[in-house]
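J.: Below: sequence and its predicted model.
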There are 2 protein chains.
Amino acid sequence: MSVASVAAGMPAPSRFRDAQIEMAHGAGGIASRRLVENLIAPILMGQSSEPLGDAAQVKLGTAQVAFTADSFVVSPLRFPGGSIGELAVNGTANDLAVSGARPEAMVVTFIVEAGLPSVRLGAEVEAMAEAASRAGIAIVGGDTKVVEHGKADGLYITTAGIGRPLSGIRLSPASVRPGDRILLSGPIGDHGITILLARGELDIEAELCSDTRCVFSMVATLAQAAGPSLHWMRDPTRGGVATSLNELARDAALGILIEEASVPVRDSVRGACELLGLDPLHIANEGQFLAVIAADRASAALDAMRATPGGADACIIGEVVEQPQATVLCKSGFGGTRVIDMLVGDPLPRIC
Amino acid sequence: MSVASVAAGMPAPSRFRDAQIEMAHGAGGIASRRLVENLIAPILMGQSSEPLGDAAQVKLGTAQVAFTADSFVVSPLRFPGGSIGELAVNGTANDLAVSGARPEAMVVTFIVEAGLPSVRLGAEVEAMAEAASRAGIAIVGGDTKVVEHGKADGLYITTAGIGRPLSGIRLSPASVRPGDRILLSGPIGDHGITILLARGELDIEAELCSDTRCVFSMVATLAQAAGPSLHWMRDPTRGGVATSLNELARDAALGILIEEASVPVRDSVRGACELLGLDPLHIANEGQFLAVIAADRASAALDAMRATPGGADACIIGEVVEQPQATVLCKSGFGGTRVIDMLVGDPLPRIC
């Protein structure tokens, strides 16, 4: 149903059955996808929309513009390796980057809880300026709202970004073919576990930092090296690598087979996950991305990535297969194979 | 100080002296301006930035793009004449419109408090779809975050919009000249007073609705009728007409003289304001705009506005004068003249 027909008095029949919004609806997993696909997207964007990517492609006159926005509600506001302000800039920059666009400009809005010390707001503004400078993005405008004490949690930040599509690539689940290789930019789970530990609710100490960073330079390298053989990219934030790959498998109607031993996970992340009964594949990342590349260019693309600053730990973690459709399988070191599902529930709330 | 020099390790010297953020910093008046000009803009956007307009102008390759974002935290979520979703679409569309651009596409983000009934979220999503359809805007993407019960107030919405600059006009405080006329699109204060009454804290009943609407069609009519004689526009939301005109007077280093009797105010708004000791010129509007037009085109532009749907109540409320600089004066019906200041404090919190 199109937006126009909604306006014409025919509300879209909502297939969303949950009576109220719960934390899991914001966790990036199955519940989030259900909320977006069954309630929000059909009404706002029409049923015929493209699979939901990281950034929209908009034609503005003769120009093609990549356009995206994310809100950030991470708790705590500061954590080892980053802060909400840095995350807000990198997160939106990365959504543009993995959509195949060069991030160019950003507008930011703050929702501040009354009583927030000004130095804390100032620190986030500085973190944003530094992250934008590092990423080569101009922050061109913004807005500030203040709500009463108890109506927010210190500070929420929303960033919207626009960018220019890189030439020579066309990313879509429809471009993905059996045999394509799956590249991962580096070790997973650092961000989610860092946030969890920063809350101090667990009696675990680990030398761990968030991986928050802008991945555009690596994306550009990959696009250059693989050209049209680069078929798809995604930054596996909420819901982790498992959720991103499940979305790809579903959208492409293909299977994905990954080798557990080839997925880089730091010992501290693996240890925390074992203790908590979590799978590192479900943990959020804020400075990594997945790319699907045709087999004949995968090795050259990987070499180029590894030679790029920040890309030294990139690796091929698996490949696209014909069957079973819409499924992600993981081959363990012992030869067994298990199904990797999307994230269910919200084991790590408010990690971004 | 540029963003680059901040990144190089030279933090901008903050001239912002308030120890913590208070409601007044989000009210759109003097405190808001101090926060933006002394803390946020110098760090994020550099000291050399243009006067802060409603939307930024970004060059993306060969294309000129107008780009803006606003967060909405209005309470209550629904009120006579509108709701947070409708407001969020119209507010960002209007920021693009009064910057002289045709609103084309929007991305939206939701921050939802856990426990919000799904039907309430669904109602806002539908309100947004309808408002976007009426305004001819495509909603192309979005994001949803959920925070724990007690960490938000039901629902906050952020909208970011991009648009294409209208040809034939160039809006800037620097274009404004003594003798220019000040046009107002219709009666003021409806939105702010409607929100106040909707909270039920006052024992006043009035037949009043928010004026929330997209003003682009009126803006386009005016741009067509006045061409380069259209010098400046602004939608007087938070802080009202008084604050917008004070910002213009300051940015243009000129004076502004308005005739009190020529400013349209409904009786119910005037009555509520008298009871509360508020000036209608300080009350927020969500469907009105101010325009400054060279004297020789003002009458023709006004006629064109009045012939446009929604523009029947437009009027000339005053003119630009040389002295006193950076000051707004109001001539009363009795011949006296008083200074109209920017909004101080936050008499009506969270009206958008």
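T.: The structure has been received and is ready for your questions.
J.: Tell me the backbone dihedrals of A:Lys145, please.
T.: phi -120, psi 150 (degrees, to the nearest 10).
J.: what's the answer for A:Ala24, then?
T.: Residue torsions, per degrees, to the nearest 10, at A:Ala24 are phi -60, psi -30.
J.: what residues are up against it?
T.: Each residue near A:Ala24 by CB atoms under 8 Å, 6 or more residues apart in numbering or on different chains is listed here: A:Ala31, A:Ser32, A:Val344, A:Gly345, A:Asp346, B:Val146. Placement of C-beta: from N, CA and C, glycine included.
J.: with those residues in mind, which one is nearest to A:Gly115?
T.: A:Gly115 lies nearest to B:Val146 out of those, by CB to CB, at 23.0 Å.
J.: count of residues packed around the closest one?
T.: 28 (other CB atoms under 10 Å in any protein chain shown).
J.: How about A:Ser99?
T.: 25.
J.: again with A:Gln323
T.: A:Gln323 - counted by other CB under 10 Å - has 9 other residues nearby.
J.: Need the phi and psi values for the nearest residue to it once chain neighbours are set aside.
T.: Nearest residue to A:Gln323 in three dimensions, chain neighbours excluded: A:Gly255, at 5.5 Å (CB to CB, 6 or more residues apart in numbering or on different chains). Recorded main-chain torsions at A:Gly255 are phi -100, psi 160, according to degrees, to the nearest 10.
J.: Can you pick out the ones from the contacts of A:Ala24 that are in strands?
T.: B:Val146 (DSSP state E).
J.: most surrounded residue in the contacts of A:Ala24?
T.: B:Val146 (28 neighbours).
J.: quick one: secondary structure of A:Ala304?
T.: helix (DSSP: H, G, I helix; E, B strand; the rest coil).
J.: My guess is A:Leu197 contacts A:Leu208. True?
T.: Yes: counting by CB atoms under 8 Å, A:Leu197 touches A:Leu208, with 6.5 Å between them.
J.: Who are the contact partners of the residue in the stretch 251-352 of chain A that chain B sits nearest to?
T.: Nearest residue of the stretch 251-352 of chain A to chain B (CB to the nearest CB) works out as A:Arg350 at 6.5 Å. Going by CB under 8 Å, 6+ apart, A:Arg350 touches A:Gly26, A:Val73, A:Val74, A:Ser75, A:Ile195, B:Lys145, B:Val147, B:Glu148.
J.: how much space between it and B:Val58?
T.: Distance of A:Arg350 to B:Val58, computed by CB to CB, to the nearest Å: 31 Å.
J.: thinking again about what came up before, redo the contacts of A:Ala24 as JSON lines? Include distance to A:Asp54 and pLDDT.
T.: Formatted as JSON lines, these follow (distance: CB to CB, whole Å; pLDDT from 0 to 100):
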{"residue": "A:Ala31", "distance to A:Asp54": "19", "pLDDT": "95"}
{"residue": "A:Ser32", "distance to A:Asp54": "14", "pLDDT": "94"}
{"residue": "A:Val344", "distance to A:Asp54": "22", "pLDDT": "92"}
{"residue": "A:Gly345", "distance to A:Asp54": "23", "pLDDT": "91"}
{"residue": "A:Asp346", "distance to A:Asp54": "21", "pLDDT": "90"}
{"residue": "B:Val146", "distance to A:Asp54": "20", "pLDDT": "98"}
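J.: could you dump the biggest strand by length in chain A to CSV, C-alpha only?
T.: If you go by DSSP E, chain A has its longest strand at strand A:101-113. The C-alpha coordinates for strand A:101-113 follow below in CSV (Å, rounded to 0.1, in the frame of the first residue of the first chain):
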residue,chain,number,x,y,z
ALA,A,101,28.5,6.3,-0.6
ARG,A,102,31.1,8.8,0.5
PRO,A,103,29.8,10.5,3.6
GLU,A,104,29.8,14.3,3.0
ALA,A,105,27.6,16.2,5.4
MET,A,106,25.8,15.7,8.6
VAL,A,107,23.2,17.4,10.8
VAL,A,108,22.8,16.5,14.4
THR,A,109,20.1,16.9,17.0
PHE,A,110,20.4,16.6,20.8
ILE,A,111,17.7,15.6,23.2
VAL,A,112,19.1,16.7,26.6
GLU,A,113,17.7,15.8,30.0
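J.: same for it, what does it pack against?
T.: Applying 3 or more CB pairs under 8 Å, 6 or more residues apart in numbering or on different chains; DSSP states H and E, one finds that strand A:101-113 contacts helix A:84-98, helix A:118-135, strand A:138-147, strand A:155-165, helix A:216-226, strand B:56-60, strand B:63-72, strand B:155-165.
J.: Chain B contacts on the stretch 151-300 of chain A?
T.: A:Lys151, A:Ala152, A:Asp153, A:Tyr156, A:Thr158, A:Ala160, A:Ile162, A:Gly163, A:Arg164 (CB under 8 Å from any CB of the partner chain).
J.: how about 10 Å then?
T.: Residues of the stretch 151-300 of chain A lying close to chain B by CB under 10 Å from any CB of the partner chain are A:151-165, A:238.
J.: Mark which of those are buried, thanks.
T.: Buried subset of these (neighbour count, 16 or more other CB atoms under 10 Å in any protein chain shown): A:151-165, A:238.
J.: tell me the secondary structure for the nearest residue to A:Asp190 once chain neighbours are set aside?
T.: Nearest residue to A:Asp190 in three dimensions, chain neighbours excluded: A:Asp211, at 4.3 Å (CB to CB, 6+ apart). At A:Asp211, secondary structure determined by three-state DSSP is coil.
J.: Let me know the angle separating the longest strand of chain A from strand B:101-113.
T.: Here strand A:101-113 runs at an angle of 50 degrees relative to strand B:101-113 (axes from the mean of the first three to the mean of the last three CA atoms, to 10 degrees).
J.: and strand A:101-113, what's its mean pLDDT?
T.: Strand A:101-113 carries an average pLDDT of 97.
J.: Make JSON lines from the contacts of A:Ala24 and add distance to A:Ile316 to it.
T.: As requested, these are exported to JSON lines (distance: CB to CB, whole Å):
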{"residue": "A:Ala31", "distance to A:Ile316": "31"}
{"residue": "A:Ser32", "distance to A:Ile316": "28"}
{"residue": "A:Val344", "distance to A:Ile316": "28"}
{"residue": "A:Gly345", "distance to A:Ile316": "30"}
{"residue": "A:Asp346", "distance to A:Ile316": "31"}
{"residue": "B:Val146", "distance to A:Ile316": "35"}
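J.: closest to B:Gly311 among the contacts of A:Ala24?
T.: The nearest one, if we look at the contacts of A:Ala24 relative to B:Gly311 and count by CB to CB, is B:Val146, at 41.2 Å.
J.: From what I see, the closest one and B:Gly154 are in contact.
T.: No: at 11.9 Å, B:Val146 and B:Gly154 do not qualify as touching, with contact defined as CB atoms under 10 Å.
J.: Need the pLDDT of A:Pro187.
T.: Reported pLDDT for A:Pro187: 98.
J.: How about A:Thr237?
T.: 97.
J.: likewise the one 3 residues further on?
T.: At A:Gly240 the predicted local confidence, pLDDT, stands at 97.
J.: residues in contact with A:Ile258?
T.: Residues counted as contacts of A:Ile258 (CB atoms under 10 Å, 6 or more residues apart in numbering or on different chains) are A:182, A:184, A:241-242, A:245, A:281, A:316-319, A:328-331, A:340.
J.: For it, name its beta-bridge partners.
T.: A:Gly318, A:Cys330 (DSSP bridges).
J.: for the spatially closest residue to A:Val108 that is not a sequence neighbour, what are its contacts?
T.: Using CB to CB, 6+ apart and skipping the chain neighbours, the partner closest in space to A:Val108 is A:Gly142 (4.4 Å). If you count contacts by CB under 10 Å, 6+ apart, A:Gly142 has them with A:106-110, A:125, A:128, A:157-160, B:36, B:40-41, B:44-45, B:52, B:56, B:68-71.
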